[in-house]
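> Sequence first, then the predicted structure:
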Amino acid sequence: MDMNMESLVYIALFAPFVGSMFAGLLFGNAPRTHLTGIVASILIFVAFLASATLAYHVATVGPVHVKMMDWITIGDLSIPFGFLVDQISVTMMVVVTLVSTIVHIYATGYMDHDKSYNRFFSYLSAFVFAMMILVMSDNFAGLFIGWEGVGVCSWLLVGFWYHKKDRPFEENPSISPSWAANEAFIMNRVADLGMLVGIFLIYWNIGSLQYDVVFEAMPNLADGILVSIAIALFIGAMGKSAQFPLHTWLTDAMEGPTPVSALIHAATMVTAGVFLVIRSNPLYSLDAVSGVSMFIAILGTFVAFYAASMALIARDIKRIVALSTLSQLGYMFAAAGLGAYWIALFHLAAHAFFKALLFLGAGNVMHAMDDELDIFKMGGLKTAMKASYWYMGIASFALAGLPFMAGFYSKDAIIETAFNEGTFIIWGMLVITAGMTAFYSFRQVFFSFHGEKRYEPLGFHPHDMYKYVLIAMAPLAILAVSFGWLMGYYKEFIYGLNESVQYEMSDHTHHLAIYLAALVVVIAIGAIFLAWKKYGGEGDKAWKRDEAFEQSFIYKLLENQYYVPKFYDEFIVKPYTITSAKFWEIDKAMVDGSVDKIGRACLKIGDTTRGMQNGNLSSYLNWMGLGALILVLVAAFSTITTESIVECLRAVAGKGE
Amino acid sequence: MLEIGVNHYLILSGLLFSIGFMGVLRRKNLLMLFFATEVMLNAVNIAFAAIGNYYGDLSGQMFAFFVIAVAASEVAVGLGLLILLYKKYGSLDLDVISSMKG
Amino acid sequence: MDAILSILIFFPALAGFLGFIVDKNSAKVYGIAVATIELLLALWLWAKFDTTNGGMQFTEKVSLISDFGISYNVGVDGISLFIVIMAALITLLGIILLRPDTKNMKNMIVSLLFLEMTMVGVFLTLDAIVFYLFWELSLVPMLYIIGAWGGPTRVYAAVKFFLYTFVGSLIMLVGLLSMAYLYHDANGVWTFSLLDWYTLPLTETQQFWLFLAFFAGFAIKVPMFPFHTWLPHAHGQAPTIGSVILAAVLLKMGTYGFVRFSLPILPDASVTFTPFIMVLSLIMVIYTAMIAFAQKDMKQVIAYSSVSHMGVIMLGVFAMNAEGLGGSVFLMLSHGIVSGALFMLVGVIYERTGTKIMDEFGGLAAVMPIYATVFGIMLMASVGLPLTIGFVGEFLVLLGFYQVSPIGTILAATTIIIGSVYMLALFKKSFFGPVRHEKNLGLKDLDKRELSALIPLVLITIWLGVYPNPVLGPIDNSAQKILVDMENRAISPATKEAIILSKKEAN
Amino acid sequence: MYESIAFYVFAISTTILFLITVMSKNVLYAMTALAAGMVMISGFFFLLGADFLGVVQLVVYVGAVMALYAFGMMFFDATKDIKEKHQNPALVFLLGGLMALVFVVMFSAPIIGDNIKAFYPVIEGVGNAQAVGMVLFTKYLVPFEVAGLLLLVAMIAGIILAGKKMDYSLTESEAADEEMKIEPNSIEIQKGDA
C-alpha cells in the first residue's frame, strides 16, 4: 500500500514537470501545435487525480513523508529533497492541481491564435511544478526552491508578451509586460531576503531545516529569536502575497495573459504567503510570538480595506479582480493572524475556486471585446455572452458571501473569528470591507453585462468563448456554490494535523453566529442593490459618466493607488539610478583615476630629474650645492638630535636624583 | 665684549665658508670660481687653527699647513688648465665651456 | 600512476609548444584535442580521488634548489581538485568557441595551452616559490591574449592588468620570503613547502604583517574593492576567450590564495582581519552591483557583476565555518561556470553585431530564441535561482557568514535583490521589447560551434544545482580539515572561539 | 679685551673683503680683495697663537698663490668687466643663506666635547715654530715629504700646461688693439730718456 503512495507523490509532483518539458523542449520554437496544450492539460489532470487519492489516503491513514535524495550536505547542514504530504499540503495540492487543470483547458482555447502557444504551456506547467515543490517540500530550503521557482515562472509568464513596447506611466500604469515582470520579480526578491534571513536564523538556532525538527524545537528557543524568525518569515510571506508595502506588483502583473492571472495571481502563487504562515502555525501560535500574529491580523485587515477601497473606482476589469484578490488575501492573513489557521486555509481554497472563475469570466469578456479592458466601454453583454454572465454572476455571489454560497461559509467564519477574538475594530473593518467587496464586484458585473450597450458605437461584436472551454469552467462554478457545505467535513479532516491548527468559536459567539451572519448578508445585499441601482439601469436610468467626480481628490487618490507606485518610483527607483550613475563616475574618476595618477606621477618625476644631466656645468654646481646642503642639514640634525637627547636625559637624570 | 670662545671662530669660519660656497655657485667665470674656492679653503683653515688652539693641540695647525700646500699646488695646476681652456674656448664662461651636453 | 599531477600540469605546455609544428588551419583542431585529453586526465584524477580524506593526495616532491628548500612539491585536495577540472573544462570550451577565422590562430592556441599549464600549476603546487612562479607566469599569456587580440585600447588594458597584479605579487613575494626566513629562524632549516609552514607557530604581530603582505598580492587578484579597476578595462578589451578564462579561473587564484595561504598559516590574523575584509567585501558587493546597473556596455555589466560575486566569495572565505568556507569554494566553481558562460554569450552577440552596447539590441528574444533561452538560464544562475549552480554557493556563503555578523549578512544578502536588478535590466534592454533596429532582424541564432560550447555549461549549471553532493563532499572534507588545523594552531582564545568546527569529527 | 676687539675687526673686514671677491664684477677688484682677506686671516692665526702658520699664510698663500693668480691674469683679458648671466640668483642666495644659517645654528650649540683629548699637546715654554717643527718632522714627516713631492709635481704640471706656444699672444686679438687705438708700429721708443 505504502509503495504506490510514494509513487503517487512523485506522480503528483513530476507530472507537471513532464508536461512542461514536453511542451518546452520538443516544441519550444515550433509553431502552434495543439498537442502541447492537450498533453499538458492531461498531465496536470493526472497530478490532480494523484493529489485527490493522496488526500483520501491522508484523511483515512495519515500523512506521507518521502525522502527522494540528499540535496546539500556540508558541515552540519544537510538538506534533503524530502516531500511531506499532510493535511495542509494535500489541501493546497488539490486546490492547485484542480484550478491548474481548468486553467490549462481554458488556455488551450484562450491562447488559440497566439504564435508562441507551446512556450506558454511549458511555462504554465513549469509554474505548477514549482508550486507543487513549494507546497509539498518537507523543509524550509525546499520551500525556498519552490518560492523562487514560482517567482521565476511568474516573471516568465507576466512578461510573456515581451514584444510589447514600453508605454508611458499615464497611458498604462504598468508600462509594459517586461517592465511589470521585472517589477514583480525584484519586489518578490526583496521579500525573499527576509525569508533567507529567517532560514539562517532557524538553521543556526536549531541546526536543521526540517519542519518536524524545527517545530519541535521551537518552544524551547528564546523569545527574541522566535519573534525575529516570525518577522523574517512573515516578510517573505508579505512579498509573495503582495501585502501592504510590497503590493504594487500584483496590479501591474495583470499585463500577463488572463489564464496566467487566473492561475498565478488569483489562486496559487499569491496564496503561497498564506500557506507559509499556515504551515508554520506551531511558530505563530506560540504566545511569545502573539505580538507578530496580532500584527499580521491588523496588516491583513488594513490590506483588505485598502484594496477594496481602490477597487471601488477601478476601470480596468482585470485590475478590479486583482484588487479583490488582494483584499481577500487580507482576509486570509487576518484569519491566520488571529489563530484560525484552518479557517484561513478553507477560505484560501474557496477563494481559489470562485476567484479563478471570476478571472476566467473576465478573460472571456476581454477575449470577446478584442482585449479591451475598460469597463466604461462595455455594457449589456449579457445577451451576447449568456454563459460567462452566469459564471461571473455566481462567482460574484460567492465572493460577496451570499447565504449558501462558498464565500458565505469561509468569509463569514473569518468575520466570526474576528468577533470571537474580541478584536472588534478588526471585526468592524472586515464587515465594512465585506460590504465594499459586494459593491465593487457587482458594480463590475452590472457594468459589463447590464445597462447600455456602450460597445456598439465602438464597433465591437462580442461572442462567447468556445463551448468546451465554458464546459471546463463548470466545475469551478459548482465548487463556488457547493464548497461551503463541505466545511464540516473539512474541519474534521484538518483537525487531524495538530492542535495548534484547530480553532473553536467560543459558545458565546455560537449564539450570536446567526445574527453576525445575518448582519453581513444584509450589508452585502444592500451593497448589491446599490450597485444595481447605480450601474444596472438601461435607457434613461442608465449610468452616466460624471466628470466632476473623476476630478475629485478621493477619486484621484484611489485611482493612483494612494500614490504608492509614484512614491516608489520617485523615492526608490530614481535615487537608485542616480546613485549608481554617480558611483560609476566615482569609480572611473577616483578609484581608477588614482591608479593612473600614480602612473603619471612616476612619469613626471622621471621628467624633472632628467634636468640633472643636461650638460650645463652651472646647473650641475647647483645640484651639487643642493646635495652638499642636504648633507650638512643631515649632519646638523643628527648632531643636534643626539645632543639634545643627551641633554634632556642628563637634565632628567639630574632632576631624578 | 664677551671673551672669544671657539664657537666664535667656528661661526666665523662657517660664514666665510658659506660666502665662498655662494661664490662658487654664483660665479660663471672660472677664474672667479677659483677665488671662491680659495675663500672656502681659508675659512676651513681658520676653523682648524681655532680648534687646534682651543684644545691645545698642534694637529689643527698641521692640517692647516697641508691645506695650504694642497691649495698652492691646486692653484698651479688649475691655472695651467685654465689657460688651456682659454686657448681652446676663448672665454672662461661656464656656459660656453659646458660641452658635455646630455 | 602517481605522477598524474605533473602530467596534468606540464602536458598542455609541451603539447602547446609542439603546436608550432602543426600547420595553420588545423591548429584549432589540435587545440581541441589537447584540451580534451587534459580534461579527461582531470576527470580521471577525480575518479581516482579518495573523497573521504580531506588531506593532500597524489603528492610528489622533487627538490629543485635543495639548500634553500625550494622543491617542486605538488598535491591535490578537495578544494583544488574541482578548480583544476573547471580550468580544464573552460579552456576546452573556450577553444571550441574560438572563431575559425581568428587571425594567427596558432599563437592563440599555444598561448591558451601555456596559460592552462600555469593555471593548473598554481592550484596544484604546495611550494611557495613554485606557486609564485606559476602565479607570475599566468600573467604573461593573458597579457599576450588581451594585448594581441583585444579591442581598441587593448594595450593600455593589458599593461594595466599586468602591472597592477605584478606589483601586488611582488609584495606577496616579500611576505613569502619573510615567512621562509621566520621558519629558518625558528627551525634552522630553509623550506618553502606549505605543509611545513602550516606547523610554524607565529606571534600575533608577525601574523599581522604577513597577512598584510599576502593580502596585497591576493586582494588585487580577487579583485577586492579599491584594487578592482583593472578588471573592467581588462574585460572590456579582452577577446571573448580572454574574458572567459580571466573571469572563470584567473580571479579564483586570489580567493584560492586566501584559502591556501592566509587561513591555515595565519589563523589569528585572519580572524582579526575579518571585520576589515567584511567591510571591503560588502562595499564590493553593493557598490559594484550598483555600478553594473549604470553600465551601457553589456560586457561591463558582467565584468562588474563578477566583482560583486567575488565579494560574496570573500565573505565565505572568512566565515570561519565549514558551511561558509565550503560554500565559498563551491561559489568559486559556480561563478567560474556562470560568468564564463555569460562572457561566451556576450562574445556570440558581439561577433554578430560588432557592438556590446545594450541600446543597440532590442527584442532579441524574438530573433534568436535559443540564444535568449540559454542567456535566460545563465541569467537565472547568476542571480542565484535555486536548482541552479548559483544558488547553492551563495546560500551556503550567506548561511555561513551569518554566524560572523548578522547585519553584514543582511547587507550582503541584498546582492540577490540588486543582483537581479541589473541582470533583469540587462535582459529587458537587450531581449525584451520590440526589435528596435532593422539590422538585428537578420541575426542568425546559435550555430553548432557555439551550441557545443554552451550546452555543457548549461547542463553543469542544472546538474550541480540539483545534485551538488559529488562536488560538495570533497570540498567539505578539505574545508573542515583546514578549519581543524586553524583551530589547533590558533594562539589567541578569541580565534579558537571564532572558528566553528562542525560537530561531525573532521577526519 | 684687546683680543676681542682685534677679533671683531679682523672678522668684519675679512667678511666684507670676501664678499667683495665673491660679488664684484671686476676681476681685479676680486683678486685684490681676496689677497687682503687672506692677510686678515693670517692676523687670526697670530691671534690664535699659531705664529708660524700666520707667517706661512702670508708668505705662501698671499705671496705665492696670489702672485700666481696675478701672473695668471695676464693670460686672460681681465680688463673688461665680466658680464655674467645668472639663471636663477634666488636659488644661489637661498642655498648659501640656508648653509650659513645651519652652520650658525650648529656651531652656536654648546659643544660638550668631553672626549676630545689632544693627540699632540702643545709643549709649554717652547715657541710655536719650534713646537710645530718638532711635531712636523717627527709625527708628520711622511705627509710632509709627500706634500713636497706634490708641490714639485704641481710646479712641473703648471709649467708644461701653460708653457706650450708661449709666443702666441692670447690677448692680441684685433678687438684689443682697436680698442687701445695704438698703431702697432707707431710707438717710438723714446731713446735715451728714463
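Sure, I can see it.

> Excluding chain neighbours, what is closest to A:Thr248?
Nearest-residue entry for A:Thr248: A:Pro565, 4.9 Å, with adjacent residues in sequence omitted and distances by CB to CB, 6 or more residues apart in numbering or on different chains. All C-beta spots, glycine's among them, are computed from the backbone N, C-alpha and C.

> what about the one you found, distance to chain C?
The gap separating A:Pro565 from chain C is 17 Å, by CB to the nearest CB, to the nearest Å.

> how far away is that residue from A:Asp114?
To A:Asp114, A:Pro565 is 28 Å away according to CB to CB, to the nearest Å.

> repeat for A:Phe333
35 Å.

> Could you do C:Leu451 as well?
27 Å.

> what does A:Ser293 give?
Between A:Ser293 and A:Asp114 the computed distance is 44 Å (CB to CB).

> cool, C:Glu360 as well?
Taking CB to CB as the measure, C:Glu360 and A:Asp114 are separated by 29 Å.

> picking that back up, among A:Phe333 and A:Asp114, which residue is more densely surrounded?
The neighbour count for A:Phe333 versus A:Asp114, taken as other CB atoms under 10 Å in any protein chain shown, is higher for A:Phe333 (28 against 15).

> any idea which helix or strand comes after the stretch of helix or strand that one belongs to?
A:Phe333 is located in helix A:317-338, with elements delineated by DSSP states H and E. Reading on from helix A:317-338 to the C-terminus, the next helix or strand found by DSSP H and E is helix A:341-368.

> ok, now how distant is C:Phe161 from chain D?
Here C:Phe161 is placed at a distance of 43 Å from chain D (CB to the nearest CB).

> scratch that, C:Pro369 is what I was asking about
75 Å.

> pretty sure C:Tyr304 contacts C:Ile286?
No - here C:Tyr304 lies out of contact with C:Ile286, judged by CB atoms under 8 Å, at a distance of 11.6 Å.

> Tell me which of these two has more neighbours.
Counting neighbours by other CB under 10 Å for C:Tyr304 and for C:Ile286 shows that C:Tyr304 has the greater number, 28 against 18.

> Now name the helix or strand holding the spatially closest residue to the more buried one that is not a sequence neighbour.
Among residues not flanking C:Tyr304 along the chain, C:Ala292 sits closest, at 3.7 Å (CB to CB, 6+ apart). With elements delineated by DSSP H and E, C:Ala292 resides in helix C:267-293, which encompasses its position.

> which helices and strands sit right next to the lengthiest strand in chain A?
Looking only at chain A and at elements set by DSSP state E, the strand with the highest residue count is strand A:64-74. Judged by 3 or more CB pairs under 8 Å, 6 or more residues apart in numbering or on different chains; DSSP states H and E, strand A:64-74 is in contact with helix A:2-21, helix A:34-60, strand A:77-85, helix A:140-158, helix C:322-353, helix C:389-402, helix C:469-489.

> number of nearby residues for the closest residue to A:Thr97 other than its chain neighbours?
The shortest distance from A:Thr97 to any residue that is not its chain neighbour, by CB to CB, 6+ apart, is 3.7 Å, and that residue is A:Phe48. A:Phe48 is flanked by 22 other residues according to other CB under 10 Å.

> Ok, C:Asn25 next?
By the criterion of other CB under 10 Å, C:Asn25 has 10 neighbours.

> distance of A:Ala472 from chain C?
According to CB to the nearest CB, A:Ala472 stands 30 Å off from chain C.

> Now do that residue: how many residues are near it, please.
Going by other CB under 10 Å, the residues that sit close to A:Ala472 add up to 21.

> And what about it, helix, strand or coil?
Recorded secondary structure, A:Ala472: helix (DSSP: H, G, I helix; E, B strand; the rest coil).

> Please tell me I have it right and it contacts A:Val99.
No - judged on CB under 8 Å, A:Ala472 makes no contact with A:Val99 at a distance of 11.5 Å.

> Can you tell me the element C:Ser71 falls in?
Per DSSP H and E, C:Ser71 falls inside strand C:70-76.

> That strand packs against which elements?
helix C:4-18, strand C:57-65, helix C:105-124, helix C:128-137.

> Out of the ones you listed, which one sits most buried?
Comparing those by mean neighbour count (mean count of other CB atoms under 10 Å in any protein chain shown), helix C:105-124 comes out on top with a mean of 25.

> mind checking the longest helix of chain B?
Longest helix in chain B, counting residues (DSSP state H): helix B:59-89.

> Report the buried residues of the very next helix or strand once past that one.
On the C-terminal side of helix B:59-89, the closest following helix or strand by DSSP H and E is helix B:94-97. For helix B:94-97, a neighbour-count test (16 or more other CB atoms under 10 Å in any protein chain shown) marks B:Leu94, B:Ile97 as buried.

> Just the C-alpha atoms of the lowest-mean-pLDDT helix or strand in chain C, please, in CSV.
Scoring the helices and strands of chain C by mean pLDDT, DSSP states H and E places helix C:493-498 at the bottom, with a mean of 81. Once non-C-alpha atoms are left out, helix C:493-498 reads as follows in CSV (Å, rounded to 0.1, in the frame of the first residue of the first chain):
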residue,chain,number,x,y,z
PRO,C,493,41.5,32.1,22.5
ALA,C,494,39.4,34.6,20.6
THR,C,495,40.4,32.9,17.3
LYS,C,496,39.7,29.5,18.8
GLU,C,497,36.2,30.6,19.7
ALA,C,498,35.6,32.3,16.4
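
> Right, I'll leave it there.
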